[in-house]
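Visitor: Curious how this folds, go ahead:
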Amino acid sequence: MKIKNLYISKFFIKCLFLIVLFFVVGCSNKSEEIYNSAIQKGLDNLASENYDKAIVSFEIALEEKAGDKQAKDLKSQTEYFDIALKSFEAGNLEKTSENVERVKIIKHGSEALVKKSNDIIEEIKVITTTKKSFQNQYNDADMLFKDNDYSGSLEKIKTLLQEDLIDETYYVTIKESSQELEKSIKNEIDEQTLANTTEIEKQTNIDEENPTNSIEAYNNLDQSLKVILATTTVDERAMSPNLDGYNLYYNFDEDYLIANVHSGVGSGHPWFIIKYDESTITPVEGVVYMGGGTEYDDVTLESISTSKSDLYNRYIESKDSYDLAVEKVVESPDMTMSAYNELRTYINQ
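Guide: Now for the predicted structure:
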């Protein structure tokens, strides 16, 4: 009887063991299946760039295999890359660089994430080079501004603000600084223009009240400037900015100025006779070469006197232009009244 009971007891224990073993093996296989599925889904989400979902998948894998190296590394690597990507889009290159380096040093992670991290590093290098170039352009413009070269500074800052990449997030600080500098430059130019206008108006009022002052100012000008201004009464080409494209040849013969604006080629460049007195400039006459060797014609002039005071005001209004034109004014001793009269002998021949 005891032997029978012992047999029954051993049989029961064996069955219980088999039941437990079946349950454990079944659960283990199920857990492995869930783990593998979670890892695969995580990798699929990485491929489709769904990084939040990938992290959740790797967390599920870790729940099935706590402390699993592959799942742990994939989760950490994905988290670092996600932070790097968001930092990159926000323009925080320092934080981006820190996190892509963390992605690269993880051993049991995704090679695809390592490759994408390397691509981001290359983009950061391009951005850094471009940013340095933009900063140098800004510094050049700022230096010109501080040297009071407002036109040069404005030209450079406009070029910078027209750069194709200047609107990107990475260059927002440089763009904002450039816009502020542009505003400052324009304010200075406006103030300078206003000051010049006020000075001209002030000088004009003084001249109107006391014309003698501006006549004296005209007489004290460099001779070349006086010649240009006098020639504007007979030839509008003398008013061309900087005398661009022309030279002005002249000579004085007693009280007469003989002037000739010439481009260096062709015909149609008259010699003019202009009379000087104490306060006025008066056109007298002129002769012009018409071509054909010796074909000349008379130039019809309105012999209306112009005040030296008015000519001086004309100079003040376009001072920079006239000052630059001086180098194109050439004294020509051969231009005498005798030479002029000889040219006139060819009229109507």
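
Visitor: next structured bit after the lengthiest strand in the chain?
Guide: In terms of residue count, the longest strand belonging to the chain (DSSP state E) is strand 280-291. Next along the chain after strand 280-291, taking DSSP states H and E as the criterion, comes strand 295-299.

Visitor: any residues touching the next helix-or-strand element following that next one, and which ones?
Guide: Toward the C-terminus, strand 295-299 is succeeded by strand 306-307 as the next helix or strand (DSSP H and E). Outside strand 306-307, the residues that touch it by C-beta atoms under 8 Å, 6 or more residues apart in numbering are 211, 215, 233, 279-282. Quick note: C-beta positions are derived from backbone N, CA and C, even for glycine.

Visitor: Run through the helices of the stretch 151-300 of the chain in chain order.
Guide: For the stretch 151-300 of the chain, the helices defined by DSSP state H, counting those that start in this stretch occupy 172-209, 211-219, 223-231.

Visitor: mean confidence score for the first one?
Guide: The average pLDDT within helix 172-209 is 82.

Visitor: Which strands and helices lie in contact with it?
Guide: Using 3 or more C-beta pairs under 8 Å, 6 or more residues apart in numbering; DSSP states H and E, the elements in contact with helix 172-209 are helix 111-146, helix 150-161, helix 211-219, helix 308-317.

Visitor: Tell me how far Met143 lies from Asp149.
Guide: Distance, Met143 to Asp149, by C-beta to C-beta, to the nearest Å: 9 Å.

Visitor: How about Ile174?
Guide: 21 Å.

Visitor: Neighbour count for those two, which is higher?
Guide: The residue with more neighbours, out of Ile174 and Asp149, is Ile174; 20 against 15, by other C-beta atoms under 10 Å.

Visitor: Next, count neighbours for the closest residue to that one other than its chain neighbours.
Guide: Closest residue to Ile174 apart from its sequence neighbours, by C-beta to C-beta, 6 or more residues apart in numbering: Phe134 at 4.9 Å. Residues lying near Phe134 (other C-beta under 10 Å) number 21.

Visitor: Phe134 contacts Tyr171, doesn't it?
Guide: Yes. With contact defined as C-beta atoms under 8 Å, Phe134 counts as touching Tyr171 (5.7 Å).

Visitor: CSV please, covering the helices of the stretch 151-300 of the chain and showing distance to Asp82.
Guide: Putting these into CSV (distance: least, C-beta to C-beta, whole Å) gives the following:
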stretch, distance to Asp82
helix 172-209, 23
helix 211-219, 75
helix 223-231, 73
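
Visitor: Surely Glu182 touches Tyr150?
Guide: No. Applying C-beta under 8 Å as the test, Glu182 and Tyr150 come out as separate, 10.8 Å apart.

Visitor: Touching, Gly286 and Val261? I think so.
Guide: No. When contacts are counted by C-beta under 8 Å, Gly286 is not listed as touching Val261 (11.1 Å).

Visitor: Buried residues in stretch 59-78, which are they?
Guide: For stretch 59-78, burial by neighbour count (16 or more other C-beta atoms under 10 Å) applies to 60-62, 64-65, 68, 70-78.

Visitor: right, and the pair among those residues with maximum separation?
Guide: Spatially, the most separated pair among the buried residues of stretch 59-78 is Glu64 and Gln77, at 19.0 Å (C-beta to C-beta).

Visitor: can you list contacts of stretch 79-92?
Guide: Outside stretch 79-92, the residues that touch it by C-beta under 8 Å, 6+ apart are 51-52, 55, 93, 95-96, 98-100, 102-103, 106, 113, 116-117, 120, 123-124, 169-170, 172.

Visitor: remind me which residues of the stretch 51-200 of the chain are low pLDDT?
Guide: The stretch 51-200 of the chain contains no residues with pLDDT under 70.

Visitor: hmm, 90 instead?
Guide: 61, 64, 66-67, 89-91, 107-109, 164-165, 168-170, 172-173, 191-200 (pLDDT under 90).

Visitor: quick one: which of the buried residues of stretch 59-78 is nearest Ile200?
Guide: Taking C-beta to C-beta as the measure, Thr78 is the one of the buried residues of stretch 59-78 closest to Ile200, at 70.8 Å.

Visitor: Quick one: name whatever helix or strand follows the helix or strand harbouring the closest one.
Guide: Applying DSSP H and E as the criterion places Thr78 in helix 69-90. Per DSSP H and E, helix 69-90 leads on to helix 93-105 as the next helix or strand towards the C-terminus.

Visitor: Quick check: buried residues in that following helix?
Guide: 93, 96-97, 99-100, 102-104.

Visitor: cool, and stretch 124-143?
Guide: 124, 127, 130-131, 134, 137-138, 141-142.

Visitor: got the contact list for that stretch?
Guide: 88, 93, 96-97, 153-154, 156-157, 159-160, 163, 165-166, 170-171, 174, 177-178, 181.

Visitor: For it, list the C-alpha coordinates in PDB.
Guide: Only the C-alpha atoms of stretch 124-143 are listed here, as PDB (Å, rounded to 0.1, in the frame of the first residue of the first chain):
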ATOM      1  CA  ILE A 124      27.300  71.900 -40.000                       C
ATOM      2  CA  LYS A 125      30.700  72.400 -41.600                       C
ATOM      3  CA  VAL A 126      29.100  74.100 -44.700                       C
ATOM      4  CA  ILE A 127      26.900  76.200 -42.400                       C
ATOM      5  CA  THR A 128      29.900  77.300 -40.300                       C
ATOM      6  CA  THR A 129      31.900  78.300 -43.400                       C
ATOM      7  CA  THR A 130      28.900  80.300 -44.800                       C
ATOM      8  CA  LYS A 131      28.300  81.900 -41.400                       C
ATOM      9  CA  LYS A 132      31.900  83.000 -41.200                       C
ATOM     10  CA  SER A 133      31.700  84.500 -44.700                       C
ATOM     11  CA  PHE A 134      28.500  86.400 -43.700                       C
ATOM     12  CA  GLN A 135      30.100  87.700 -40.500                       C
ATOM     13  CA  ASN A 136      33.100  89.000 -42.400                       C
ATOM     14  CA  GLN A 137      30.800  90.800 -44.800                       C
ATOM     15  CA  TYR A 138      29.000  92.400 -41.900                       C
ATOM     16  CA  ASN A 139      32.300  93.400 -40.200                       C
ATOM     17  CA  ASP A 140      33.500  95.100 -43.400                       C
ATOM     18  CA  ALA A 141      30.300  97.100 -43.700                       C
ATOM     19  CA  ASP A 142      30.400  98.000 -40.000                       C
ATOM     20  CA  MET A 143      34.000  99.200 -40.300                       C
END
